[in-house]
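> When you get a sec, could you give me coordinates for this:
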Amino acid sequence: MTRLRVLSRQWCHLCDDLLDALRPIAAAYGASIEVIDVDAHPELEAPWGELVPVVLGEDDAALCHYHLDAAAVHAYLARFPLKSAD
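Residues are numbered from 1 along each chain as shown. Predicted coordinates:
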């Protein structure tokens, strides 16, 4: 299963908006979403803190930040072949 990581903050309305828009896209591709609170991980604050929310792909490359770039996420997830249930 493909996994997207979202670097977020608990008090961030942009984070909530991005997650609400990302969930149906991830579901359509069978991808999971892992939400990581930047404030709970000081090592993430320096590189990502000013860009939150950030959507990261499997290789930790940023797909978008601040607002969801749906086209970028669709393009990224379309690269992964669908897996059969067999």
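> Tell me the helix or strand right after the helix ranked longest in the chain.
Using DSSP state H, we find that the single longest helix of the chain is helix 13-29. Counting by DSSP states H and E, the next helix or strand C-terminal to helix 13-29 is strand 32-37.
> Each with direction, which strands does that following strand pair with?
strand 3-8 (parallel) (DSSP bridges).
> which regions of the chain lie under the pLDDT threshold?
Low-confidence segments of the chain (pLDDT under 70): 80-86.
> One more pass at 50, please.
Low-confidence segments of the chain (pLDDT under 50): 84-86.
> OK, contacts around Asp37?
By Cβ atoms under 8 Å, 6 or more residues apart in numbering, the residues touching Asp37 are 8-10. Any C-beta I mention is one placed from the backbone N, CA and C, and that applies to glycine too.
> Can you report how many residues neighbour the closest residue to Ala31 other than its chain neighbours?
Closest residue in space to Ala31, ignoring its immediate chain neighbours: Thr2 at 4.3 Å, by Cβ to Cβ, 6 or more residues apart in numbering. Neighbour count of Thr2, defined by other Cβ atoms under 10 Å: 15.
> Distance of Thr2 relative to His67?
With distances taken as Cβ to Cβ, to the nearest Å, Thr2 is found 21 Å from His67.
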